[in-house]
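Undergrad: Have a look; sequence and predicted model below, questions after that.
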Amino acid sequence: MTQPIEPLGLSANQWQFLSSPDDYVAASDRTLVPESTRRQFQTARDILSRLNGSYGKSPRRGIMLADDVGLGKTTVAALVAWVVASAGERRGVRILAPNDVMVRRWEEELLAHVVPLQKCALALDVWPNRVKARRVARLSAGSIQVVKHSYAASDFNLACDLLIIDEAHRAKGEHTAFSAALKRQKKFARRVLILTATPFSIRLDELVRMLTLIGGDSAHRPVRAFSRALDDLHSGNTTRKPEGVAQHLATTAKAAVDALSPFVIRHSIEDLPRERNSFGDRGEWDIPVPPANPGEMELMLRMDRALRVAKSDRATSSRATNDPRFHVGWRHFDKSRADLKLEGQRLVGPIKAVVKSHLRSINRLRANSGTHSKIVAVSNEVKAIIAQGEKVVLFCHHHATAQELTLYLASVFPKIAVPKLPQPTAWKKAWDSLLKPAEGKPRDHELCATFIKWLCSDPIRAQTWTWICAQAGPHAKLETTMSETNGRNRDGGETIAAAAQRLFGDLMRSRSSRAVLRTAVWPGSNGTSRVLGVCEPSENNDEKSLFIHNHQPDTIISIFNSPFGPDVLVVTDKLSEGIDLHRYCRHLVHYELDPSPIRTVQRNGRLRRVSSWAAVTGQPIRYAYPAFGGTRDHRLVQIMKKRIDSFSLLLGGVQDFAVEDVESSDETWRNKVIGFAKKRLAKAGGALCAKEPEAKNNSER
């Protein structure tokens, strides 16, 4: 039985500090953007007033915070959690995070609020021991427990006064284990706060299911009406006047937004003109890729045919035939070819003959195909960007693709020459002077020595020298030059010395990074490659220095967020959510797309964050969607554009991107409809933004 809705019992003075965000900024030891903090505090006030039933409103069972990636949903939810846990009756809060990395991020975020809240929120009883991370147990009054999503599926009932579900889009699927677990667990939570930048991906039924978790059933009908209008756009008569169809689409979208407004709060960066500069502008990055040539098309078609024929002899086989990996690289293609050759020995009769014939042609064509055309085209473009002193992150959907792309990039990038002078001893002396851990912590001194050893390694010395060689004359002191020169020679950024100090601090705060420091085995430290793949490592021992597995990515994330280390990061979707890659990078390539727009939006959010490299340098974030023309890869980019358009029509804030080549007349018609509809919906932008609570009387001010 679902718990009854009861007021949280919060009095005005217990969250009055949320009306004074500037005092909080002054009290925090973190560098906060005042305008963003003000918006986050207003959002927290709005959430609390709705959940509590303040200002004459009826209490809500749940709220969905659907802010754009990078707007600080975790910060808002942490403030709400501290108020609920520390005010009045000290109620219990549980937070479900998707993985270990995010559990650590939550713990860090909650603890970062302790000191400023102790200074600014005197009505709250805030102490660090109230945060219980990675422990599922009976929830004591005033505790905030942070555990992984997987605990929701356990037999343990997650009874609490407030259940916060981070990255809740993972529960969007009707038949997923997490979705089923939340349906069961929600009856034990008196209130639910859902956090997600992408409450639906392909079908709006996903949004309807999430609304059910927060008691938003009244919005189901308008959302489904908009869903039907979208279906009509993509499957209806395309001879109608675009303006009329657009009007209907816009009308149903506005009705859906109006119905969502009591339950959903959403800000897009485009709705926040005063904050936009701190996120940086964004732009499209066109990477021309030649269409598949006849030989490449024949390779893919023959492999598809050979696999289908072989599969017909094994009715239970689950092997993919037209595998998407075949369209973006040859590594998995070649593995499938070798596997098929072995399997072909067990085939008999005409099937064996057909497969053998296809394999002969495939071997001949593959011998002449060389490196995949898309990999060559993208690598050439990335190489040009790296030559300008920038960093680039490339997202792949499959490990085999990430491996192949990493290996090729490493093979074509020029190595940085290691300077003969200054000698390594001079570098060590300079860094010993610049990096001094706190006194009284011998272990920290030992770890600092390991860190300095890395800074003095050949690849990092070579890299650092490229930034300071113009300033460092024959008699200049290295420590002085590094204290005066910005990393990557960009105005507005950190000096080399300050960046190293911050990086060491970030590493020391992470348990997994401290463990890496103790081993003294650092990513890329035993070579001069400028590329690192965060994926399953290659099986070739000679290539292993180019890869790091992504089970514990904290170290490489911290390094990539500094001027040091790899210029290029090739990653899979394991790093598409919950992490920051924005401090020194403004170029992102969607080399291989996931079918869901959720992944695309989440990936883009790794770079467009507060105080991004784009904002620091005054240059735009650039997103690339290279497509291999004539193949399934090109079609996937077209489909992604449609899905992004559908998402943006209802919730906004998502960047459009062009699709190369001329589309059909039907697609041209649909694009006109969407364009007209977006113009009609422009005035509705910001309709779901947090509202300033309106007090009915002075007692509620």
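TA: In hand now; what should we look at? Numbers count the residues shown, from 1 in each chain.
Undergrad: Only C-alpha atoms from now on, for both contacts and neighbour counts.
TA: OK.
Undergrad: Give the residue farthest from the middle of this structure.
TA: Going by Cα atoms, centre = their mean, the residue of the chain most distant from its centre is Gly349, 50.7 Å out.
Undergrad: if I pick the most centrally placed residue in the chain, what's in contact with it?
TA: Of all residues in the chain, the one closest to the mean position by Cα atoms, centre = their mean is Glu577, 2.9 Å from it. The contact partners of Glu577, taken as Cα atoms under 8 Å, 6 or more residues apart in numbering, are Gln602, Arg603, Gly605, Arg606.
Undergrad: next one: Ala614
TA: So Ala614 contacts Phe279, Gly280, Asp281, Cys585, Arg586, Pro620, Ile621 (Cα under 8 Å, 6+ apart).
Undergrad: what does His169 give?
TA: Applying Cα under 8 Å, 6+ apart, the residues contacting His169 are Thr196, Thr198, Pro199, Phe200.
Undergrad: same thing but 10 Å
TA: Contact analysis of His169 by Cα atoms under 10 Å, 6 or more residues apart in numbering lists 179, 194-201, 206-207, 210, 598.
Undergrad: how about the strands in the stretch 201-350 of the chain?
TA: With DSSP state E, counting those that start in this stretch, the ranges of strands along the stretch 201-350 of the chain come out as 264-265, 282-284.
Undergrad: just how off-centre is stretch 257-264 within its chain?
TA: From the chain centre to the centre of stretch 257-264 is a distance of 25 Å (Cα atoms, centre = their mean, to the nearest Å).
Undergrad: Next: stretch 606-617.
TA: Centroid separation between stretch 606-617 and its chain, computed with Cα atoms, centre = their mean, is 14 Å.
Undergrad: i'd like the first residue to be 29 from this point on
TA: Fine by me, first position is 29 from now on; the one you just mentioned is stretch 634-645.
Undergrad: Give me the buried stretch members for that stretch, please.
TA: Arg634, Leu635, Arg636, Arg637, Val638, Ser639, Ser640, Trp641, Ala642, Ala643, Val644 (16 or more other Cα atoms under 10 Å).
Undergrad: Excluding chain neighbours, what is closest to the fifth one?
TA: Excluding its sequence neighbours, the residue lying closest to Val638 (Cα to Cα, 6 or more residues apart in numbering) is Phe307, at 4.7 Å.
Undergrad: For the one you found, report the pLDDT, please.
TA: If you check Phe307, the pLDDT there is 90.
Undergrad: Surely it touches Val97?
TA: No: with contact defined as Cα atoms under 10 Å, Phe307 does not reach Val97; the gap is 11.0 Å.
Undergrad: ok, so of the contacts of His197, who is nearest Glu695?
TA: Nearest to Glu695 among the contacts of His197: Ser229, at 20.3 Å, using Cα to Cα.
Undergrad: Just the pLDDT at that closest one, thanks.
TA: 69.
Undergrad: before we move on, back to that, list residues touching both of Phe307 and Val97?
TA: With Cα under 10 Å, 6+ apart as the test, Phe307 and Val97 both reach Ile297, Leu635, Arg636, Arg637.
Undergrad: quick one, strands of this protein?
TA: 90-93, 121-125, 159-161, 172-176, 190-193, 220-223, 292-293, 310-312, 420-423, 559-562, 575-576, 596-599, 615-618, 649-652 (DSSP state E).
Undergrad: just checking, what packs against the first one?
TA: Contacts defined by 3 or more Cα pairs under 10 Å, 6 or more residues apart in numbering; DSSP states H and E place strand 90-93 against helix 62-80, helix 101-114, strand 190-193, strand 220-223, helix 233-241, strand 292-293.
Undergrad: what's the offset of the fifth one from the middle of its chain?
TA: When C-alpha coordinates are averaged (Cα atoms, centre = their mean), helix 233-241 and its chain have centres 22 Å apart.
Undergrad: Extract the C-alpha set from it and format it as PDB.
TA: Taking C-alpha atoms only, helix 233-241 is exported to PDB below (Å, rounded to 0.1, in the frame of the first residue of the first chain):
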ATOM      1  CA  ASP A 233       5.500   6.300 -23.000                       C
ATOM      2  CA  GLU A 234       8.900   6.300 -21.100                       C
ATOM      3  CA  LEU A 235       8.000   9.800 -19.700                       C
ATOM      4  CA  VAL A 236       4.600   8.500 -18.700                       C
ATOM      5  CA  ARG A 237       6.100   5.700 -16.700                       C
ATOM      6  CA  MET A 238       8.400   8.100 -14.900                       C
ATOM      7  CA  LEU A 239       5.500  10.400 -14.100                       C
ATOM      8  CA  THR A 240       3.700   7.400 -12.500                       C
ATOM      9  CA  LEU A 241       6.600   7.200 -10.000                       C
END
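Undergrad: Isn't Gly90 up against Ile293?
TA: No: look at Gly90 against Ile293 with Cα under 10 Å: they stay out of range, at 11.3 Å.
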